[in-house]
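[1] Have a look at this prediction, sequence included:
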Amino acid sequence: MKAPGSYLAHADLFALSSVYEGFPTVLIEALACGCPVVSTDCPTGPQEILHDGRYGQLVGMGDPEALARAMSATLRAPLPTELLQERGRTFTVDVAAERLLAEITRALN
């Protein structure tokens with residue numbers, strides 16, 4: 001069985017149509033692979049991960065026509081792979097640890 005990343009690296013698009021997410025790691029995985037993303041703007045996670053739509057289109061929940069339009073638009077004009085991969089790297093363990101350490105240091109000072 002192949003790892004999901006091997007599929008995402010060859011995909012033209014990843015669409016997340018959830019009505020709720022705790023923290024959709026799959027969006028980060030798609031970004032890290034450079035795969036363009038479209039997602040519903042469900043609570044919680046997609047808006048934060050996609051930085052209010054900067055790294056992938058966000059559409060309202062329960063609107064399949066809007067999702068289809070966003071998917072079509074993204075396929076016609078995908079964001080640069082490097083930009084998506086760069087965003088995906090902001091969610092690594094090392095980056096999270098650095099941010100946490102910086103917050104702890106700031107709080108102690």
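    Nice, I can see it.
[2] Work out which residue lies at the spatial centre of the protein.
    In the chain, the centroid-proximal residue (CA atoms, centre = their mean) is L27; its distance is 3.6 Å.
[3] Three-state assignment for that residue, please.
    helix (DSSP: H, G, I helix; E, B strand; the rest coil).
[4] Just the pLDDT for the closest residue to it other than its chain neighbours.
    Leaving aside its sequence neighbours, L27 sits nearest to I49 (CB to CB, 6 or more residues apart in numbering; 4.8 Å). Every residue, glycine included, has its C-beta placed from N, CA and C. pLDDT recorded at I49 is 96.
[5] list the contacts for I49?
    Taking CB atoms under 8 Å, 6 or more residues apart in numbering, we find I49 in contact with 24, 27-28, 31, 55, 87, 91.
[6] So which of the residues you listed belong to helices?
    Assigned to helices by DSSP state H, the following of the contacts of I49 qualify: 27-28, 31, 87.
[7] circling back to that earlier point, compute the distance between the residue nearest to the centre of the chain and A96, please.
    16 Å (CB to CB, to the nearest Å).
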